[in-house]
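[1] here is a sequence together with a model predicted from it:
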Amino acid sequence: MKDIFKLDGKIAIVTGGAGGIGEALALGLGIHGAAVVVSSRNQEAIEKVAQKITRESGNNAIAIAADVTDEASMQNLVDEVLKKYGKIDILVNAMGMNIKRDAFEYPMEDWDKIFNVNVKGTMIACKTVGRVMKNQGKGAIVNLSSVRGIRGYTGGNTGYCATKGAVELITKALALEWAPSGIRVNALGPALVITPGTRHIADNPELAKKYASAVPMGRIGLPEDMVGAVIYLASDAAGFVSGQTIYVDGGLTAA
């Protein structure tokens, strides 16, 4: 049997590739053989990630800035990738944001901001790259959901939970609609992961203990914990898997 987890010869786009999870996923795709296009709005940040991937994986990675909330920007990204590689095999949407606000007072401008990135951005990226995959007759998309897409949480997370619930259903609906075109659409559902945005939790022993105690495996997730699931979903190993979310959560959603 061939190595069904290999991504040799595959072209992968990672949106949100400068973030903590996105960088780890982009690096993992490169190490497993894919040529990676790292994208976010911050050109300087994605250049550093692309250089790291090239250095550590031996596979060439490039950086192309794009805004997932802008259709013209995403189309430009797709056009540039096609010009260089002629195809797109994998799309990983690793972008995301959270704005925590008390639900009684949640400002609608903040509600719109978080939905703009997490929901609208996911859909724009999926449909823009999805059209290319339809023409090719195949492709694999992995969206970034969360355990909060199926489990509510306190602490001002109503907006975040709502957006991740939307990502869950976008994933399922696209998987159904695009299956005849050979496009698989799945999602990654992390629990809390230590990234630059959550580093304050890891650096506070009391907070870290609180969050870790809620996880059956007794620790908080790391970006590298997310890589295996995405490699699987992007590879031929998951050739008959679509519309699913893999929760990489230390057992949290088992309860």
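    Nice, thanks for sending it over. None of the values given here were measured: they were computed from a predicted structure. Numbering: from 1, shown residues only.
[2] contacts and neighbour counts: CA atoms only from here.
    Will do.
[3] I'd like to know how many residues surround Asn143.
    As a burial measure, Asn143 scores 28 neighbours (other C-alpha atoms under 10 Å).
[4] note down every partner strand of the helix or strand hosting it and its orientation.
    Take DSSP states H and E as the rule and Asn143 turns out to sit in strand 139-144. Strand pairing for strand 139-144, using DSSP bridges, gives strand 90-93 (parallel), strand 183-190 (parallel).
[5] got JSON lines for those, with mean neighbour count too?
    Listed next are these as JSON lines, based on neighbours: other C-alpha atoms under 10 Å:
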{"stretch": "strand 90-93", "mean neighbour count": "28"}
{"stretch": "strand 183-190", "mean neighbour count": "27"}
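[6] pull the residues that contact the longest helix along the chain.
    Longest helix in the chain by number of residues (criterion: DSSP state H): helix 158-178. Residues outside helix 158-178 that contact it (C-alpha atoms under 8 Å, 6 or more residues apart in numbering) are 97-101, 103, 111, 114-115, 118-119, 122-123, 134, 143-146, 148-153, 183-187, 242-245.
[7] and Asn98, what does it touch?
    So Asn98 contacts Ile114, Asn157, Gly159, Tyr160 (C-alpha under 8 Å, 6+ apart).
[8] can you rerun that using 7 Å?
    Neighbouring residues of Asn98 by C-alpha atoms under 7 Å, 6 or more residues apart in numbering: Ile114, Tyr160.
[9] what about it, which SS state?
    Taking DSSP: H, G, I helix; E, B strand; the rest coil as the rule, one finds Asn98 in the coil state.
[10] mind checking how far it is from Gly182?
    In this view, Asn98 and Gly182 are 33 Å apart by C-alpha to C-alpha, to the nearest Å.
[11] cool, Ile53 as well?
    29 Å.
[12] look at the two and report which has more neighbours.
    Between Ile53 and Gly182, counting by other C-alpha under 10 Å, Ile53 is the more crowded of the two (26 against 17).
[13] state the pLDDT value of that one.
    Predicted confidence (pLDDT) for Ile53: 97.
[14] that's a helix at it, yeah?
    Yes: under three-state DSSP, Ile53 falls within a helix.
[15] who's in contact with it?
    Counting by C-alpha under 7 Å, 6+ apart, Ile53 makes contact with Leu27, Gly30, Ala61.
[16] for the helix or strand that contains the second one, name the packing helices and strands.
    Spelled out, that is Gly30. Assigned by DSSP H and E, Gly30 belongs to helix 20-31. Applying 3 or more C-alpha pairs under 7 Å, 6 or more residues apart in numbering; DSSP states H and E, one finds that helix 20-31 contacts strand 35-39, helix 43-57, helix 227-234.
[17] pLDDT score assigned to the nearest residue to Arg148 once chain neighbours are set aside?
    Spatially, and ignoring its direct neighbours in sequence, Arg148 is nearest to Cys161 (5.0 Å; C-alpha to C-alpha, 6 or more residues apart in numbering). Looking at Cys161, its pLDDT reads 97.
[18] got it, and Arg219?
    95.
[19] report how many residues lie close to the closest residue to it other than its chain neighbours.
    Counting by C-alpha to C-alpha, 6+ apart, the nearest residue to Arg219 once its immediate chain neighbours are dropped is Ala212, at 4.4 Å. Ala212: 17 surrounding residues under other C-alpha under 10 Å.
[20] what about Ala212, which helix or strand?
    Assigned by DSSP H and E, Ala212 belongs to helix 205-213.
[21] tell me which residues of that helix come out buried.
    Neighbour-count burial for helix 205-213 flags Ala208, Ala212 (criterion: 16 or more other C-alpha atoms under 10 Å).
[22] which elements pack onto that helix?
    Helix 205-213 packs on helix 199-202, going by 3+ C-alpha pairs under 7 Å, 6+ apart.
[23] now the residue nearest to Arg219: how far from Pro196?
    According to C-alpha to C-alpha, Ala212 and Pro196 sit 18 Å apart.
[24] also Glu56?
    To Pro196, Glu56 is 21 Å away according to C-alpha to C-alpha.
[25] sweet, I'm off.
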